[in-house]
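**Student:** the amino acid sequence is not available; the structure is as follows:
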């Protein structure tokens, strides 16, 4: 398998010499093409900081991050926005759809910014909308659609540019259980049917059970790793709960 992401001895500190907080403490991982990885840990474990560094929203204090062989810690400020547009897809907790644009225009936004031809944009939007079953709402505005339709629109926007990596930070955090399950099924379909490589941060064991591999963080370090393999999602869910109990977090942080 082709390596998509390599984190090499990454560290992230906040504060000054007299009061240093180590958010990430010497983490090294590899992510391969087509993987769906969950990042878990209690609040303050470093999981969101890790995602922010991978997405170039934040910078590392030490170490390197390689995306498809390119060292993104060496990117210049003027290169970052272009790098994100061309290589990363994002699924936000609140979707971040623009109500002044139609669903189709929201999905096409990254292609429009990248100056893809209108004909190619239309083709790609129709293709991804068909796969995610939202072709019939492309002319509607987000406020005219249901929560589930907004979710699929956000997923379509994340994947339309064929990014090397899709990043999702607590994507179900603001959803009820039914909507959360719908979104997770869509993300799973993006991974299995569309070949997307996904890194999802979550504190929720149910959400994590949709992933194929889970990395557990504690105090900024890798604490444990689980691989789903041939297990059922229910079996994987129970394994996740077992590891979370070892982390010492409250079950309210997990369920």
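**Tutor:** Yes, it's here. Just so we're clear, the structure is a prediction, and the values are computed from it rather than from any experiment.
**Student:** now the helix or strand containing residue 123: mean pLDDT?
**Tutor:** Of the helices and strands defined by DSSP states H and E, residue 123 is found in helix 118-131. Helix 118-131 shows an average pLDDT of 93 in the prediction.
**Student:** ok, and for the following helix or strand past that helix, which residues are buried?
**Tutor:** Where DSSP H and E defines the elements, the next helix or strand beyond helix 118-131 is helix 147-159. Judged by neighbour count using 16 or more other C-beta atoms under 10 Å, the buried positions of helix 147-159 are 148, 149, 150, 151, 152, 153, 154, 155, 156, 157, 158, 159. All C-beta spots, glycine's among them, are computed from the backbone N, C-alpha and C.
**Student:** out of these, who's nearest residue 26?
**Tutor:** Using C-beta to C-beta, residue 158 comes nearest to residue 26 of the buried residues of helix 147-159, at 30.1 Å.
**Student:** roughly how far does the closest residue to that closest one other than its chain neighbours sit from residue 239?
**Tutor:** Among residues not flanking residue 158 along the chain, residue 89 sits closest, at 3.6 Å (C-beta to C-beta, 6 or more residues apart in numbering). The spacing between residue 89 and residue 239, counted by C-beta to C-beta, to the nearest Å, is 28 Å.
**Student:** and the two? which has more neighbours close in?
**Tutor:** Neighbours of residue 89 and residue 239, each counted by other C-beta atoms under 10 Å, are more numerous for residue 89; the result is 26 against 17.
**Student:** report all helices and strands that the helix or strand hosting the more buried one contacts.
**Tutor:** Using DSSP H and E, residue 89 sits within strand 88-91. If contacts are counted by 3 or more C-beta pairs under 8 Å, 6 or more residues apart in numbering; DSSP states H and E, strand 88-91 sits against helix 147-159, strand 165-169.
**Student:** quick one: distance of it to the chain centre.
**Tutor:** 6 Å (C-alpha atoms, centre = their mean, to the nearest Å).
**Student:** how far off helix 147-159 does the helix or strand following it point, in degrees?
**Tutor:** Sequence order places helix 103-113 as the next helix or strand after strand 88-91, per DSSP H and E. Going by axes from the mean of the first three to the mean of the last three C-alpha atoms, to 10 degrees, helix 103-113 is angled at 10 degrees with respect to helix 147-159.
**Student:** packing partners of helix 103-113?
**Tutor:** The elements that helix 103-113 packs onto, with contact taken as 3+ C-beta pairs under 8 Å, 6+ apart, are helix 118-131, helix 147-159.
**Student:** to residue 14, which of the ones you listed lies closest?
**Tutor:** Across the helices and strands packed on helix 103-113, residue 14 has its closest neighbour in helix 147-159 (28.6 Å, C-beta to C-beta).
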